[in-house]
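> structure of the sequence below:
(one chain, ligands or ions: 1)
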Amino acid sequence: MTNIIIVGTQFGDEGKGKFIDLLAKRADYIARYQGGANAGHTIVINGEQFIFHLIPSGILHKKKKCVIGNGLVVDPQTLLEEIENLKKRGISVEGRLFISENAHIVMPYHKLLDRVSELARKGKKIGTTGRGIGPCYTDKIARTGIRVADLIDEKTFQKKLKKILDEKNQLLRKIYHQKEFSYRKILTEYSSYGRKIKRYVTNTSLLINRAMDKGKSVLFEGAQGTFLDIDWGTYPYVTSSHPVVGGALTGLGVGPTRIDRVIGVAKVYTTRVGEGPLPTEFPKRLGERVREKGKEYGATTGRPRRCGWIDLVLLRSAIQINGLDSLILTKLDVFDKLEEIKICTHYRYRGKRMDYFPNSLKVLSQCQPQYEVLKGWQESISGIESYKKLPPTAKKYVKRIKKLLGIKIALISVGPQRDQTIILDKTLC
Ligand code: IMP
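Numbers count the residues shown, from 1 in each chain. Purely as a prediction, here's the structure:
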């Protein structure tokens, strides 16, 4: 029995989906702990691509149980579409998908508010995914949100919706000059969603804790990444939840003593979608080259991702904030054709060395990334299955990252397929 938390160490899109799928083999439960349909976890199996926004990536393993924790904001329409799509591809979620009663519901006014408030920010956009995430978490914290338990109880839903919709309609009309939502229409549509998801709803904290009591293993699936965290990210260019390790505990109702390992996932370069700082961003031409080779387009919005060199300042901080015991490196093959590869080892700020990520964006804007330059391997490594067989220059790159960060490397990904993985830590898969 091993309970493992998987955390994104950068700005999301580190390739967590592939590893959740891979590690799911040894788990009994795969449980997501935060975020919503802003996430897009891509998995490729036998050349077939699956993208999940809400359902945990472990669902492709037929006997595994999947949990949507209380820390999520659930768009029931997207969720039902995902269930339906899986069904069409011969995968049933019946008896193995569980949704927390305490998760919050993303309502249509959240999605509209997300879009209009972004427009109102003019030059100061966050670049959100437009999935209603921020406005839904805002209601959660303001204690006015609608939870899954409310949605599946028609009377409660009617009452809550009436009250909150009056307020949202006023906001939309008076501040954002938008048309009001019809109470009847939302009530009919969302009550029907409530009826459809009811059979999956349960006390997921109890479910997971009881399973762990019986010796079952849980894999905790994070979405987004450490530097999109509402507290630890590049605020305000962040999402509204806690992708960091703490979010796994509050987002599923599990205590820290239950956790055996915390593993971070990092791309061998850095990407970011949306606005906000990216200190090691590539010059334009190199950025385009890496984006094409790495297929760096958002799985949720299709937006091109900005790309840059690996940033050990970010990773050092992610190791600390999350208490990581090891790291999974992804997309090493994307560098196959590069003549030289850079590692950002630290920043310089006002003439001094900086090893950890500054909390102030003002300080960050005055930091200069410092690089070590290594030779590229300039051959294809996507078919290589063992670390020993990697070209010496690729091994040198991995070793350098390991040494400079002082952390074990557990797995290395050299392609999107399950088997394009170099396994260093045999206890994992
Ligand atoms: P929101 O989560 O839609 O509110 O977006 C806030 C910021 O987080 C934006 O910069 C998004 O592009 C970014 N973001 C949200 N989810 C993801 C993700 O799954 N991968 C990468 N970036 C994300």
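> which residues of the stretch 1-150 of the chain lie near the ligand?
Proximity of the stretch 1-150 of the chain to the ligand, by CB under 6 Å from any ligand atom, involves residues 11-13, 38-40, 126-129, 131, 133-134. In short, each C-beta sits where N, CA and C put it, glycine included.
> can you count the residues close to the residue nearest to G323 when sequence neighbours are not counted?
Excluding the flanking residues, the one nearest G323 by CB to CB, 6 or more residues apart in numbering is V262, at 5.6 Å. V262: 22 surrounding residues under other CB atoms under 10 Å.
> ok, G376 next?
Residues lying near G376 (other CB under 10 Å) number 16.
> repeat for A266
A266, neighbours per other CB under 10 Å, totals 31.
> re the thing from before, adding neighbour count, pLDDT and secondary structure, write the residues of the stretch 1-150 of the chain next to the ligand out as CSV.
Below are these laid out as CSV (neighbours: other CB atoms under 10 Å; pLDDT from 0 to 100; DSSP: H, G, I helix; E, B strand; the rest coil):
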residue, neighbour count, pLDDT, secondary structure
F11, 29, 98, coil
G12, 28, 96, coil
D13, 29, 95, coil
N38, 29, 95, coil
A39, 30, 93, coil
G40, 19, 87, coil
I126, 18, 95, coil
G127, 15, 94, coil
T128, 22, 96, coil
T129, 23, 95, coil
R131, 24, 97, coil
I133, 25, 98, helix
G134, 23, 98, helix
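> SS state for K198?
helix (DSSP: H, G, I helix; E, B strand; the rest coil).
> show me what contacts the closest residue to it other than its chain neighbours?
Using CB to CB, 6+ apart and skipping residues adjacent in sequence, the residue nearest K198 is I152, 4.5 Å away. When the contact criterion is CB atoms under 8 Å, 6 or more residues apart in numbering, the partners of I152 are 194-195, 197-198, 201.
> and the pLDDT for I152?
Here, the pLDDT recorded for I152 equals 98.
> residue in the stretch 201-350 of the chain with the shortest distance to the ligand?
Nearest residue of the stretch 201-350 of the chain to the ligand: G274, at 2.3 Å (CB to the nearest ligand atom).
> could you list the domains of this protein?
As recorded under automatic domain parsing, the domains making up the chain are 4-102+198-261, 104-197, 266-423.
> for the closest residue to L206 other than its chain neighbours, which three-state class applies?
The shortest distance from L206 to any non-neighbouring residue, by CB to CB, 6+ apart, is to G253 (8.0 Å). State at G253, reduced to three classes by three-state DSSP: coil.
> number of residues surrounding G253?
Around G253 there are 19 other residues, counting by other CB under 10 Å.
> from V262, how far off is it?
18 Å (CB to CB, to the nearest Å).
> please apply the same query to G225.
Separation of G225 from V262 (CB to CB) stands at 14 Å.
> one more: L252?
14 Å.
> got it, and H41?
Taken as CB to CB, the span from H41 to V262 is 19 Å.
> kindly report the same for A37.
As judged by CB to CB, A37 and V262 stand 25 Å apart.
> what ranges does the protein have for its helices?
Here the chain has its helices, by DSSP state H, at 16-23, 76-88, 108-120, 133-141, 148-151, 154-170, 183-197, 204-213, 245-250, 284-293, 312-322, 361-365, 392-405.
> TSV for those helices, including distance to W232?
Converted to TSV, the helices of the chain look like this (distance: least, CB to CB, whole Å):
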stretch	distance to W232
helix 16-23	17
helix 76-88	27
helix 108-120	22
helix 133-141	16
helix 148-151	27
helix 154-170	30
helix 183-197	32
helix 204-213	24
helix 245-250	9
helix 284-293	25
helix 312-322	5
helix 361-365	13
helix 392-405	17
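> single out the most deeply packed of these.
helix 16-23 (a mean of 26; mean count of other CB atoms under 10 Å).
> starting at the chain centroid, how far to that helix?
12 Å (CA atoms, centre = their mean, to the nearest Å).
> count of neighbours near Y235?
Quick note: Y235 (other CB under 10 Å) scores 15 neighbours.
> D333: neighbouring residues, count only.
Quick note: D333 (other CB under 10 Å) scores 22 neighbours.
> contacts only, for it.
Neighbouring residues of D333 by CB under 8 Å, 6+ apart: 380-382, 413-415, 420.
> need the max-distance pair from these.
Farthest apart among the contacts of D333 by CB to CB are S380 and S413. That separation is 14.5 Å.
> these two: who's more crowded?
Set S380 next to S413 and count neighbours by other CB under 10 Å: S413 wins out with 26 against 13.
> quickly note the distance from the more buried one to Q320.
24 Å.
> ok, now K65?
In terms of CB to CB, K65 sits 32 Å off from Q320.
> who's the nearest residue to R291 once chain neighbours are set aside bridged to?
Of all residues not flanking R291 in the chain, C307 sits nearest, at 5.5 Å (CB to CB, 6+ apart). For C307, the beta-bridge partners under DSSP bridges are T271.
> rewinding a little: can you put the contacts of D333 in CSV and add pLDDT and distance to K396?
CSV is the format used below for those (pLDDT from 0 to 100; distance: CB to CB, whole Å):
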residue, pLDDT, distance to K396
S380, 97, 18
I381, 98, 13
S382, 96, 19
S413, 97, 18
V414, 97, 16
G415, 96, 21
Q420, 96, 21
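> of the residues you listed, grab the buried ones for ChimeraX.
Buried members of those, defined by 16 or more other CB atoms under 10 Å, are picked up in ChimeraX with:
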select :381,413,414,415,420
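> okay, and which of the contacts of D333 map to strands?
Among those, the members falling in strands are S413 (criterion: DSSP state E).
> list just the nearest of the contacts of D333 to the ligand.
Checking those against the ligand by CB to the nearest ligand atom gives S413 as the nearest, at 17.1 Å.
> neighbours around the closest residue to that closest one other than its chain neighbours, how many?
Nearest non-adjacent residue to S413, counting by CB to CB, 6+ apart: T330, 4.1 Å away. Burial of T330 is recorded as 26 neighbouring residues (other CB under 10 Å).
> perfect, that will be all.
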